[in-house]
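# Next one to model:
(one chain, ligands or ions: 1)
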Amino acid sequence: MKRIKLPVHIAFIMDGNGRWAKRRFRPRAFGHRAGVQNMTKICSHAFRLGVRIVTVYALSTENLSRPKEELDELFDLFRSYFSKKKERFLDMDVKINVIGDITVLPEDIQEDIIDVMERTSVNTDGLMNICINYGARQEIVRAVNEAVAFGRFVDEASFHNLLSTKGIPDPDLIIRTGGELRLSNFLLYQAAYSELYFSDKMWPEFSRRDLEKAIENYSARDRRFGNVRGN
Ligand code: FPP
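Numbering: from 1, shown residues only. This next block holds a predicted model:
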């Protein structure tokens, strides 16, 4: 890859698993399985390139209204991912942090998630946030209610500390695959100054080279944060 300015934090909306499977006359679960494999491949590549933080949208709060059969298949993927792959992340020295309300998951998966988070908490080579049953509006409303319950006014810094991403810098770059041009309730507060990149590729076919192209595109952008150039 050319000499470029790397984002510190990349967030992914991994859309298109279902359509990718349908085009191959396969069930949606086949697409989600391919999606998990690609998630591992693309996130590993991001860390190898020097990105420090990766956040993935694995299940939105709204996704919970999908048919039970599809949810069970997604839960099975979580089950095998958090029980089998954890050693791999330990090798990579990446800290795994799950964001969202995981109490909707079967108890064995909740336990595995907590175990992975504890085991990887000492890792320092990178941070991978996995959003499960996450919704940005719900996150903001919860944070507001917490501030109210404490009976205090908030400023931007203290409000940030009430969010699930407490202590984590905002995403520099948000990549959405699958051809849709929206954020779908993902990191709405944190995305205030994120650069957005949309790919027509379906998530399972988004390649390492596609990631590099997205980073090169990001690198060429002029981020002014509301200021003027050169300040
Ligand atoms: C959107 O594709 C994708 C999802 C709702 C789930 C994404 C989840 C993964 C890639 C698995 C994450 C797993 C782990 C273990 C963390 P879609 O089904 O909406 O695709 P479509 O828009 O083509 O129908």
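
# From here on, just use CA atoms for contacts and neighbour counts.
OK.

# Show me what the longest helix along the chain packs onto, helices and strands only.
Ranked by residue count, the top helix of the chain under DSSP state H comes out as helix 28-49. Applying 3 or more C-alpha pairs under 8 Å, 6 or more residues apart in numbering; DSSP states H and E, one finds that helix 28-49 contacts helix 17-23, strand 53-60, helix 68-84, helix 208-219.

# contacting residues around it?
For helix 28-49, contacts defined as C-alpha atoms under 8 Å, 6 or more residues apart in numbering pick out 14, 17-22, 53-54, 70, 73-74, 77, 126, 203-208, 211.

# which of the residues you listed are buried?
14, 17-21, 53-54, 70, 73-74, 77, 126, 203-206, 208, 211 (16 or more other C-alpha atoms under 10 Å).

# Which ones, among these, also lie beside the ligand?
For the ligand, the contacts drawn from the buried ones among the contacts of helix 28-49 by C-alpha under 6 Å from any ligand atom are 14, 17, 18, 19, 77.

# excluding its backbone neighbours, what's nearest the last one?
Closest residue in space to residue 77, ignoring its immediate chain neighbours: residue 33 at 7.1 Å, by C-alpha to C-alpha, 6 or more residues apart in numbering.

# The first one too?
Sequence neighbours aside, residue 203 is the residue nearest to residue 14 in space, at 5.3 Å (criterion: C-alpha to C-alpha, 6+ apart).

# what's the answer for the third one, then?
The shortest distance from residue 18 to any residue other than its chain neighbours is 4.7 Å, reached at residue 28 (C-alpha to C-alpha, 6+ apart).

# Below-threshold pLDDT in this structure: ranges please.
By pLDDT under 70, the low-scoring segments of the chain are 1-2, 84-91, 229-231.

# So which bits of this protein are right by the ligand?
14-19, 32, 35-36, 58-59, 77-78, 81.

# Mind picking the two most distant members of those?
In these, two members sit farther apart than any others by C-alpha to C-alpha. They are 19 and 81, at 22.3 Å.

# bridging residues for the residue most central in space within the chain?
In the chain, the residue lying closest to the centroid (C-alpha atoms, centre = their mean) is residue 56, at 1.6 Å. For residue 56, the beta-bridge partners are residue 12, residue 130 (DSSP bridges).

# Hmm, it is touching residue 12, no?
Yes: counting by C-alpha atoms under 8 Å, a contact exists between residue 56 and residue 12, whose distance comes to 4.9 Å.

# contacting residues for residue 176?
By C-alpha under 8 Å, 6+ apart, the neighbours of residue 176 are 12, 13, 14, 15, 196, 197, 198, 199.

# Phi, psi for it please.
phi -120, psi 130 (degrees, to the nearest 10).

# Numbering from 36 from now on, please.
Noted, 36 is the first residue going forward, which turns the last one into residue 211.
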